[in-house]
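Enquirer: Model the structure of this input:
(one chain, ligands or ions: 1)
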Amino acid sequence: MSSPCFISGLGLHLPRTTMTNADLERIVDTSDEWIVTRTGIKARHFAQDDEPCSVLAYNAACKALENAGLAPQDLTHIFVGTCSGDYNLPTTACLLQDMLGLKGLPAFDLAAACSGFLYGLETARAFTSLYPDARILVVGSEVVTARVNFEDRTTCVLFGDGAGAAVVTGSGNPGRIKVVDAMLKADGSVGGLLTIHGGGSACKPRLGQTIGPEYFVQMNGRDVFKHAVRCMAEISGTILERNGLTAGDIDLIIPHQANIRIIEAIAKKLDVDMEKVFVNVDRIGNTSAASIPIALTEAVSTGRIQPGMKVLLSAFGGGFTWASALLQF
Ligand code: ACO
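Expert: Model (predicted):
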């Protein structure tokens, strides 16, 4: 039996520049009609050079702290889910710690692609079991567009940038949202379907080398689509069953915002009406690890989630990784 774990505050931050499909039509051979039909995406935010991953994370973190009624000094740990950090080193979590004016507390990045926030949440749940007084900042922050090839129209229209953050607390500091359960999964055998190889130790950068497409997101979209639907539907069913619930008991499902057709297919598999599924992919696009905390923060701040509701989160990303969490408001 795990000890109680809570979310005490939430925040999000989006870069100031919005890119519509019409804007993309000027960069790449695509059309609003193709993008909307295939993905449901109408606009997304692109970070500028003065808005790296750490800056987006910092802005979301400040809002989550304010929402929790806490100061940075109250934090005990910082976890950042990202696959598009400022640098290989230092980590974005360490950059964020410094920006928050903190020293000493443990800070590290989690590399689980689009599942990064839920991997961070489950890690925080384990830490709050060990340290019931912990107040853990869990962030999903991404500038995926830094690793998108704008000559590859099959991928460059899908992604956007942003950050979402949560302050996770243990039984020593109960919060208003209970993390009832969480579950993580991975399957490296199919990882080659979605990659950013360039710059790694198996795909070394060389001085003076021209950067090739391997330095950017490369994806077999159709296969990723099938895996994403199957894995998110399966893990959602498993976490519900393990908690004695059915999809009918859930008030709102917040799936990873990758593509409206993936979201609709998951709803169909779970036999849930789209009325009970949160969607912001049309305005935000796929922000990888930031997708779930941005959507969760929006759902709370717009009143879509009310006290007493049960909310199911599910994510899927490169690796492959996938994850789910059950929240009681
Ligand atoms: N604009 C116009 N035409 C395009 C574009 C574009 N942006 N991209 C591809 N096309 C063309 C292709 O060239 C192809 O043309 P052809 O038939 O003449 O060769 C045609 O459209 C169909 O291409 P497909 O790749 O077969 O299109 P599909 O219907 O599979 O849709 C998509 C592609 C949207 C990527 C889909 O496979 C998908 O949604 N996959 C999921 C991927 C995803 O969301 N990944 C995110 C990362 S993982 C995650 O977050 C879950």
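Enquirer: residue contacts, residue 62?
Expert: residue 11 (Cβ atoms under 8 Å, 6 or more residues apart in numbering). C-betas here are computed from N, CA, C, even on glycine.
Enquirer: quick one: it from residue 72, how far?
Expert: Distance from residue 62 to residue 72, counting by Cβ to Cβ, to the nearest Å: 8 Å.
Enquirer: repeat for residue 176
Expert: Distance, residue 176 to residue 72, using Cβ to Cβ: 20 Å.
Enquirer: Tell me which of these two has more neighbours.
Expert: residue 72 (17 against 12; other Cβ atoms under 10 Å).
Enquirer: Just give the nearest non-adjacent residue to the more buried one, would you?
Expert: In this structure, residue 72 finds its nearest non-sequential neighbour in residue 100, 4.1 Å apart by Cβ to Cβ, 6 or more residues apart in numbering.
Enquirer: can you tell me which residues contact the one you found?
Expert: 58, 61, 72, 75, 78.
Enquirer: From what I see, the fourth one and residue 138 are in contact.
Expert: What that stands for is residue 75. No - using Cβ atoms under 8 Å, residue 75 is not in contact with residue 138; the gap is 10.6 Å.
Enquirer: Now do the strands in the protein.
Expert: Secondary structure of the chain (DSSP state E): strands at 6-13, 17-20, 43-46, 77-81, 107-110, 135-142, 162-169, 177-186, 194-195, 218-219, 252-255, 310-317, 321-328.
Enquirer: Which secondary structure elements does the fifth one sit against?
Expert: With contacts defined as 3 or more Cβ pairs under 8 Å, 6 or more residues apart in numbering; DSSP states H and E, the secondary structure elements packing on strand 107-110 are strand 77-81, helix 92-99, helix 116-130.
Enquirer: export the shortest one as PDB, just CAs?
Expert: Pointing back at strand 77-81 there. Only the C-alpha atoms of strand 77-81 are listed here, as PDB (Å, rounded to 0.1, in the frame of the first residue of the first chain):
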ATOM      1  CA  HIS A  77      13.400  18.000  -5.200                       C
ATOM      2  CA  ILE A  78      13.200  19.100  -8.900                       C
ATOM      3  CA  PHE A  79      12.400  16.600 -11.700                       C
ATOM      4  CA  VAL A  80      12.100  17.700 -15.300                       C
ATOM      5  CA  GLY A  81      10.700  15.500 -18.000                       C
END
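Enquirer: what's the overlap in contacts for residue 75 and residue 138?
Expert: Listed as contacting both residue 75 and residue 138 by Cβ under 8 Å, 6+ apart are residue 167.
Enquirer: Please say which of those two ends up with more neighbours.
Expert: Higher neighbour count among residue 75 and residue 138: residue 138, with 30 against 21, using other Cβ under 10 Å.
Enquirer: who's in contact with the residue lying closest to residue 29 once chain neighbours are set aside?
Expert: For residue 29, ignoring the flanking residues on the chain, the nearest one in space by Cβ to Cβ, 6+ apart is residue 153 at 5.8 Å. By Cβ under 8 Å, 6+ apart, the residues touching residue 153 are 28-30.
Enquirer: Residue 140 versus residue 82, what's the distance?
Expert: For residue 82, the distance to residue 140 - Cβ to Cβ - is 7 Å.
Enquirer: residues shared between the contacts of those two?
Expert: Counting by Cβ under 8 Å, 6+ apart, the residues touching both residue 82 and residue 140 are 116, 288-289.
Enquirer: so which of these comes closest to the ligand?
Expert: Distance to the ligand, by Cβ to the nearest ligand atom, is smallest for residue 288 among the shared contacts of residue 82 and residue 140, at 6.5 Å.
Enquirer: Give me the neighbour count for residue 103.
Expert: 8.
Enquirer: That one: what's it in contact with?
Expert: Counting by Cβ under 8 Å, 6+ apart, residue 103 has contacts residue 97.
Enquirer: For the ligand, see how far away it is.
Expert: As judged by Cβ to the nearest ligand atom, to the nearest Å, residue 103 and the ligand stand 35 Å apart.
Enquirer: what's the nearest residue to the closest residue to the ligand within the stretch 101-250 of the chain if we skip its chain neighbours?
Expert: Relative to the ligand, the nearest point of the stretch 101-250 of the chain is residue 221 (2.8 Å; Cβ to the nearest ligand atom). Distance criterion Cβ to Cβ, 6+ apart; nearest residue to residue 221, sequence neighbours excluded, is residue 154 at 5.9 Å.
Enquirer: go on, residue 259?
Expert: Computed as Cβ to Cβ, 6+ apart, the closest residue to residue 259 that is not its neighbour in sequence is residue 39, at 4.8 Å.
Enquirer: Same question for residue 257.
Expert: Closest residue to residue 257 apart from its sequence neighbours, by Cβ to Cβ, 6+ apart: residue 281 at 4.0 Å.
Enquirer: what's around the one you found, how many residues?
Expert: With other Cβ under 10 Å as criterion, residue 281 counts 27.
Enquirer: which residues does residue 17 contact?
Expert: Each residue near residue 17 by Cβ under 8 Å, 6+ apart is listed here: 45-48.
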